[in-house]
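Q: Got a predicted model here, sequence first, then my questions.
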Amino acid sequence: MKNKLMLAFIFSVTFYALISIVGCSKKGDTIPTLPILSINTITNISTTSSTINVKFSSNGNSQITESGVCYATTWNPDITKSKVVKTLQSGTFSCVLNGLQPETTYYVRAYATNSVGTAYSNELPFLTTSVKFWIPDPSFRAALKKQFPTAFDLKDSLKTTNSAITSFNGTIDVSGSGIITLSGIEYFPALTTLNCSYNLFSGIDLSKNLNLKTLICNANQLTTLDVSKLTALTNLSCYSNLLTLLDVSKNTQLINLFCNSNQLTGLDLSKNTLIEYLDCTSNKLTNLDLSKNPLISTLWCTDNQLTSLDISAEKDISDNLYIVKNNALIYIGNTGLITLKINDAAKQKTEFLNIKRTVPGCTISTWSNGFQVCGNYNPLTNTCP
């Protein structure tokens with residue numbers, strides 16, 4: 001009897017133990033957990049987009065309320081960063097990332113959220129491709145490649161979004177290189193100094209080079225030169241070209257201007273009040289009004305056709321103003337000078353004496369602070385009749 005009772009007891013304990021084990025296992029299968037997912041591949045990588053391919057391994061026994069891909073330019077992106085939502089419960093899905101920056105490394109993770117929380121996949125990086133431009137002039141291309149080797153791909157195309165050129169704020173000197181076109185210079189937006197003298201081009205587009213402070217484009221075949229967008233320009237040298245017009249009205253920071261040996265018939269410097277050095281020799285100027293330019297310390301205006309010259313704003317004329325060739329720079333090649341306006345404080349300078357001797361018919365008037373002092377000054381006698 002005792003043995004039967006003992007067997008019955010053992011049987012009961014074993015039975016309930018088995019029931020408990022089976023019951024616990026079944027119950028455990030339905031306990032919600034975090035989802036499990038992974039990034040399989042990243043495809044279709046371009047300059048501004050890519051495709052992220054994701055696989056679900058488990059939804060964590062709970063309905064997925066949101067899933068997708070999050071991305072950033074730093075490690076460990078999460079759903080507080082940029083993301084693309086594409087909610088699925090199982091299987092695979094793809095997310096297309098748009099609006100990316102060219103030639104930039106991004107980090108991506110897939111994510112899924114259920115009642116337990118948000119789970120993230122493995123993390124993968126990818127690099128968007130570059131925007132490329134084929135520089136048509138071989139000489140210009142070779143010069144740039146020498147200075148910026150990392151900005152060119154294996155086929156010698158310029159990677160226009162490469163930081164080596166987009167952030168370059170120094171000097172490019174391609175003078176004397178036999179260049180016919182500077183197409184491609186527009187991809188250097190931070191460039192501050194460009195020397196492209198002694199080449200063969202007839203035009204240049206600098207509308208994207210807004211940070212240029214110094215432009216040297218002497219001895220080319222320029223018939224036009226648009227510097228209207230270069231408001232930071234302080235130094236402009238464009239001598240020995242074929243310019244008939246030069247508009248510097250937007251270049252209010254201009255300090256030094258060399259526009260000699262062109263075909264200019266007019267030159268308006270009324271907006272360039274900071275200019276200190278001006279060389280406009282060997283043009284076709286008939287009038288030169290510098291009454292708004294009080295800081296000019298050096299002036300070269302020989303070999304023109306001047307009939308009128310106004311330098312009445314020059315209060316402190318230095319010894320460099322009209323020197324060279326017997327201190328007569330004003331009138332050499334300007335023997336038709338009819339009217340000359342000077343500052344009253346400088347009326348006894350040798351240059352003005354020479355002018356009166358060489359061009360006796362020239363009327364010289366003296367001015368002070370914008371007001372006329374003498375309408376017909378004679379420097380030879382130092383009198384005002």
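A: Arrived safely, thanks for sending. Residues are numbered from 1 along each chain as shown.
Q: When you work out contacts or count neighbours from here on, use the C-alpha atoms and nothing else.
A: Will do.
Q: Next one: Leu295 from Cys259, what distance?
A: Distance, Leu295 to Cys259, using CA to CA, to the nearest Å: 18 Å.
Q: Give the full set of residues in contact with Asn98.
A: Asn98 makes contact with 48-50, according to CA atoms under 8 Å, 6 or more residues apart in numbering.
Q: Can you report phi and psi for it?
A: phi -120, psi 170 (degrees, to the nearest 10).
Q: so what pLDDT did it get?
A: Asn98 carries a pLDDT score of 95 in this model.
Q: Then Thr48?
A: Thr48 is given a pLDDT of 91.
Q: how near is it to Trp134?
A: Counting by CA to CA - Thr48 and Trp134 are separated by 20 Å.
Q: just for the chain, where's the confidence low?
A: Residues of the chain that meet the criterion pLDDT under 70 lie in 1-29, 315-335.
Q: Determine which residue lies closest to the centroid of it.
A: Pro189 (1.8 Å; CA atoms, centre = their mean).
Q: Break down the stretch 1-150 of the chain into its strands, ranges please.
A: Counting by DSSP state E, counting those that start in this stretch, the stretch 1-150 of the chain has strands at residues 36-43, 50-58, 66-72, 82-85, 92-97, 105-113, 118-127, 132-133.
Q: all strands of the stretch 201-350 of the chain, in order?
A: 214-216, 235-237, 256-258, 277-279, 287-289, 298-300, 308-311, 339-343.
Q: Adding mean neighbour count and distance to Thr87, write those strands out as TSV.
A: What follows is those, written out as TSV (neighbours: other CA atoms under 10 Å; distance: least, CA to CA, whole Å):
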stretch	mean neighbour count	distance to Thr87
strand 214-216	20	56
strand 235-237	20	59
strand 256-258	19	64
strand 277-279	19	69
strand 287-289	19	73
strand 298-300	19	73
strand 308-311	21	77
strand 339-343	23	81
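Q: before we move on, back to that, of the strands of the stretch 1-150 of the chain, give the one that comes closest to Thr381.
A: Comparison of the strands of the stretch 1-150 of the chain against Thr381 by CA to CA identifies strand 132-133 as nearest, at 68.2 Å.
Q: Paired strands for that closest one, with orientation please.
A: Strand 132-133 has its sheet partners listed here by DSSP bridges as strand 158-159 (antiparallel).
Q: thinking Phe133 is in contact with Asp153, fair?
A: No. Assessed by CA atoms under 8 Å, Phe133 is found out of contact with Asp153, at 10.2 Å.
Q: Please enumerate the shared neighbours of those two.
A: By CA under 8 Å, 6+ apart, the residues touching both Phe133 and Asp153 are Lys159.
Q: Just want to know which of the two has more residues nearby.
A: Phe133 (16 against 13; other CA atoms under 10 Å).
Q: quick one: contacts for the more buried one?
A: Here Phe133 is in contact with 157-160, 184 (CA under 8 Å, 6+ apart).
Q: Also Pro189?
A: Pro189 neighbours (CA under 8 Å, 6+ apart): 166-168, 208-211.
Q: Buried ones only from these, please, as a ChimeraX command.
A: Buried residues among those (16 or more other CA atoms under 10 Å), as a ChimeraX selection:
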select :166,208,209,210,211
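Q: Restricted to helices, list the contacts of Pro189.
A: Using DSSP state H, the members of the contacts of Pro189 that fall in helices are Thr166.
Q: Tabulate the contacts of Pro189 (a markdown table), appending distance to Leu285.
A: Formatted as a markdown table, the contacts of Pro189 follow (distance: CA to CA, whole Å):
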| residue | distance to Leu285 |
| --- | --- |
| Thr166 | 40 |
| Ser167 | 40 |
| Phe168 | 38 |
| Lys208 | 31 |
| Asn209 | 30 |
| Leu210 | 30 |
| Asn211 | 30 |
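Q: re the thing from before, which one (most neighbours) among the contacts of Phe133?
A: Leu158 (26 neighbours).
Q: so what's it up against?
A: So Leu158 contacts 132-135, 151-152 (CA under 8 Å, 6+ apart).
Q: between those, which is nearest Thr383?
A: Nearest member of the contacts of Leu158 to Thr383, counting by CA to CA, is Ile135, at 64.8 Å.
Q: buried sites along stretch 42-59?
A: Neighbour-count burial for stretch 42-59 [16+ other CA under 10 Å]: 42, 45-56, 58-59.
Q: one step back: who has more neighbours, Leu295 and Cys259?
A: Per other CA under 10 Å, whichever of Leu295 and Cys259 has more neighbours is Cys259, with 24 against 19.
Q: how close does the closest residue to that one other than its chain neighbours get to Leu124?
A: Of all residues beyond its chain neighbours, the one nearest Cys259 is Tyr239 (4.6 Å), with distances taken as CA to CA, 6 or more residues apart in numbering. Distance, Tyr239 to Leu124, using CA to CA: 56 Å.
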